[in-house]
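Trainee: Just a sequence and a predicted model for now, questions to come.
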Amino acid sequence: MRTKWLCWLGSTLIILSALSCGGSSSSPTPTPTPTPPSVTVSPETATLSPGAAQQFTATIANATDQTVSWEVNNVQGGSATYGLISEGGVYIAPTNISGLSSVTVTAVSFDDPTKTGTATVTFQSGSSVKVVIAANGAPIPVLTFGSYTLSATVSGTTNTALTWQVNGVTGGGSTTGTVTQAGVYYAPHSVPVSTAANNDGQTTDVILTAISQADTTASDSVIVVPTPPQTSRFPLPVPLGTSGGNAHDLSTSGNYTFCCGGTIGSLVSRGGQLYILSCNHVLARSDAASIGDAIIQPGLIDNNCAVAGTNTVANLSQFFNLETGALPNVDAAIAEIVSGAVEPLGTILELGGTASGSQPTDGTPNPGPGVTPTVGRPVAKSGRSTGLTCSQITSVSTSISVEYQKGCNTGSTYDVDFDNQVDVSGVGFSAFGDSGSLIVTQDTSDPVGLLFAGSDTDTVANPLDDVLSQLADPSTGEKPVFVGDSTVGAHAVAACSIPQPTSSLAVILQGQAALSNLALEAATAARDAHAEELMTAHPEIQALGVGASCDNPRESAVLLFVPKGPSHAGLPPLVGGIRTRIVEVTTNRISGSLSAEESSILIQSVALPPLAYAISEAEVERAKAVQSAHRDALMRQHGVQGVGVTSSLDSPGEAALMIFVIRGVAHDPIPPVIDGLRTRIRETSRFRAR
């Protein structure tokens, strides 16, 4: 869905929050009139010392959308006087509580702002040691790839040493940013994306905390908002990969106004004219727009829901109708540029092949029609919400169901089915508001997909062959082609190799401890029953063990330890009905059957698999045949939202059928092998237009 804003009519307070509507991100402000709460906030009460922090979560009864906006004493996001609260629900008490005995924390349902729930925070004096971070009492924006120096004072002790943390981790990490013990914060290279129920799929802020080493109960925290330059208003001619959208993309509901936006992703040429390419739900408002509508930069979401102060950079020319368009379905639209308003070479922010210090340069994609997506290929994109991010293609030829909503956070939701889609896995590769971004190959910057949907762990793109075909000139049949600097041509995306990764790749394996004893016992029984015949038929097997499957981390597997190097395609995918997992090792000092504990120790010395391995065209075709035969039946199963072609993680080099299931929704048992092809299960939240 679009990135969207929610503002209270009559109020001048408008604050950004990454939320979903028809396909983008947004945020509400104080509730105009109190209503009986249908939202439960946990904990209901908390007692805090000055500067202390408390995590709150909200549960909305009988609702699938758990997204909320947070207020403190009816002020969205809080204030220096009452304390601040982050987008993720972390409340930070003010350091000066004089005259303040308690405050009320309120969670407001984004889907229905009349639904609210509250919690009470009571203050206590706390330690005589006080820590105060010098700040202006508001969240601190820090540009991605940038840094910010914080200062803090300690009173009540002669030991003024501090320990600095980011989101509770001393020193922080690459996905949230790092902090030195001198208080210098280095922002991540892309904006963090939440997987929590109250704002999953949204960009999120981080909490920086200074803790007294003399008294660890004394601390102070600030909210830092990693911010990509892609959200800015740019002078003409504007670059691509930046905030934009339809000038009419807003709606009202009672006393609230929502406004939406997404990414104006790339420049294409057709018939001697230049057009912005983005998604239907970004440029054409999910079929509700009119040809000729103004396309603005930045989008309303990044301009306080106002057209004034934006630039009209193009006018809507053509879009594929999501509800009535002829197959294949795509979520795409083009808008003819206003002369001189858009960078004519199609420069995309931070997509350059060089870097200036720690900063990536801007650059163009390799011009032309783009390339065919392949499993395992590293890719990148520049988008409005998360900035420049990098990951891998995980599945192709993917059939998927995506949820849309007519209008900007208004109207009923509906599903659109897509075939032959491209899936890119990795938490943080995209968020709501990145729709319209052009996905390119990391090594050559060739266009490979149009980003339009996602879940909390995955991103979905239309293949460009389908996009360009559906946007062909209705009169001549001429297809658009991508504009780029032909003097530069193919180049690597330098931002993906700058130290400190630009995105957080999803954790694809659950720890062995997550497996039940029953599951491990079943794997052990299967291994022991077939050990002799396995070792006899396959002399390359050095040892047998038990552990978690990589293709379905909720299931156990019989581990086949083999020497690294040669192909192991002849090894069986099942042993006694239990999945097998091939583990390549370099040691020769193992043999026989290993316990779960011994297997775990040995696996720790082996590198985790990537999100996907490259597979041969023959394997792809084998998997496509199985997918074609079983896709419809699988998609009809409750809880299944996608079926694609991927690589097995249990057997490198072998294809697998990727089956996307909705996390928390029951589904029928999925066999580990279908028509001789391994299955790979990926649990995600519901796929929605971004």
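Mentor: Here it is on my side, so go on. Numbering: from 1, shown residues only.
Trainee: any idea of the mean pLDDT for the biggest strand by length in the chain?
Mentor: As assigned by DSSP state E, the longest strand anywhere in the chain is strand 387-405. The pLDDT scores in strand 387-405 average 96.
Trainee: name the helices or strands packed onto it?
Mentor: With contacts defined as 3 or more C-beta pairs under 8 Å, 6 or more residues apart in numbering; DSSP states H and E, strand 387-405 has these neighbours: strand 378-383, strand 413-425, strand 447-454, strand 458-463, helix 617-635, strand 640-647, strand 655-662, strand 688-689. All C-beta spots, glycine's among them, are computed from the backbone N, C-alpha and C.
Trainee: With distance to Leu559, mean pLDDT and mean neighbour count added, can I get the ones you listed in TSV?
Mentor: Compiled in TSV, the helices and strands packed on strand 387-405 are given as follows (distance: least, C-beta to C-beta, whole Å; pLDDT from 0 to 100; neighbours: other C-beta atoms under 10 Å):
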stretch	distance to Leu559	mean pLDDT	mean neighbour count
strand 378-383	28	98	29
strand 413-425	23	95	21
strand 447-454	33	98	28
strand 458-463	27	98	28
helix 617-635	22	97	16
strand 640-647	19	98	27
strand 655-662	17	97	26
strand 688-689	37	94	26
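Trainee: Now render these as TSV, adding distance to Thr64.
Mentor: Shown next, in TSV, are the helices and strands packed on strand 387-405 (distance: least, C-beta to C-beta, whole Å):
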stretch	distance to Thr64
strand 378-383	25
strand 413-425	9
strand 447-454	16
strand 458-463	18
helix 617-635	19
strand 640-647	13
strand 655-662	10
strand 688-689	11
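Trainee: re earlier: can you give me the buried ones in the longest strand of the chain?
Mentor: By 16 or more other C-beta atoms under 10 Å, the buried positions in strand 387-405 come out as 387-405.
Trainee: Also stretch 535-548?
Mentor: So, applying 16+ other C-beta under 10 Å, buried residues of stretch 535-548: 535, 541-548.
Trainee: Likewise for stretch 645-654?
Mentor: Neighbour counts using 16+ other C-beta under 10 Å place 645-652, 654 of stretch 645-654 among the buried residues.
Trainee: And stretch 267-286, by the same measure?
Mentor: Quick answer for stretch 267-286 (16+ other C-beta under 10 Å): 267-268, 270, 274-286.
Trainee: State the pair within these that is farthest apart.
Mentor: Greatest spacing in the buried residues of stretch 267-286, by C-beta to C-beta: Leu274 and Ser286 (24.7 Å).
Trainee: what about the closest residue to Val575 other than its chain neighbours, neighbour count?
Mentor: Spatially, and ignoring its direct neighbours in sequence, Val575 is nearest to Val558 (4.6 Å; C-beta to C-beta, 6 or more residues apart in numbering). For Val558, the tally of surrounding residues (other C-beta atoms under 10 Å) stands at 29.
Trainee: One more: Thr209?
Mentor: Neighbours of Thr209 using other C-beta under 10 Å come to 26.
Trainee: List the contacts of the helix or strand encompassing it.
Mentor: Element membership for Thr209, per DSSP states H and E: strand 206-212. The contact list for strand 206-212, computed with C-beta atoms under 8 Å, 6 or more residues apart in numbering, reads 53, 86, 90, 92, 127, 129, 131, 133, 150, 152, 154, 157, 159, 161-168, 172, 176-177, 179, 183, 185, 192, 218-226.
Trainee: do the same with stretch 337-346
Mentor: Contacts of stretch 337-346 (C-beta under 8 Å, 6+ apart): 236-240, 266-267, 274-276, 311-315, 364-365, 367, 482-485.
Trainee: Go again with 7 Å.
Mentor: Residues from elsewhere that reach stretch 337-346 (C-beta atoms under 7 Å, 6 or more residues apart in numbering): 236-240, 266-267, 274-276, 311-314, 364-365, 482-485.
Trainee: can you check stretch 192-202 too?
Mentor: By C-beta under 7 Å, 6+ apart, stretch 192-202 touches 18-20, 25, 57-58, 66-68, 87-89, 175-176, 203-204, 206, 226, 386, 427-428, 431-432, 454-456, 685.
Trainee: wait, which of the buried residues of stretch 267-286 is closest to Ser600?
Mentor: Comparing those against Ser600 with C-beta to C-beta picks out Cys279 as the nearest, at 44.3 Å.
Trainee: list the contacts for the closest one?
Mentor: Residues near Cys279 by C-beta under 7 Å, 6+ apart: 23, 262, 331-333, 435-436, 450, 452.
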